[in-house]
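Enquirer: Just need the structure, nothing else, for what follows:
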Amino acid sequence: MNKIKVYIKEASNELLHKVSWPTWEELQSSLVIVLVASLIFSLLIYGMDVAFSNILSAFYHLFK
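Expert: You can find the predicted model right below:
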């Protein structure tokens with residue numbers, strides 16, 4: 001049990017005093033980058049899904 005207390009104490013000390021946290025402006029710019037990248041990837045995946053759906057639909061109609 002003592003090892004757990006020491007671990008928690010050392011971990012909290014490191015998080016409070018040794019970690020360099022980003023500023024609010026850095027967080028905002030990172031958020032914008034992540035949102036734009038997520039939007040681009042989701043649109044790309046949506047486009048691929050629609051394209052494959054149309055291709056497979058046309059392929060299946062050939063054998064009807």
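
Enquirer: helices and strands of the chain: which one bottoms out on pLDDT?
Expert: Every helix and strand of the chain was ranked by mean pLDDT, DSSP states H and E. The lowest is helix 2-17, at a mean of 93.

Enquirer: any idea how far that helix is from the chain center?
Expert: Between the centre of helix 2-17 and the centre of its host chain there is 28 Å, according to C-alpha atoms, centre = their mean, to the nearest Å.

Enquirer: same deal with stretch 42-60?
Expert: Centre to centre, stretch against its chain (C-alpha atoms, centre = their mean), the figure for stretch 42-60 is 24 Å.

Enquirer: quick one: average pLDDT of whichever strand or helix holds residue 26?
Expert: Counting by DSSP states H and E, the element that carries residue 26 is helix 24-62. Throughout helix 24-62, pLDDT has a mean value of 97.

Enquirer: so which helix or strand takes in residue 22?
Expert: Assignment of secondary structure by DSSP H and E places residue 22 within no helix or strand.
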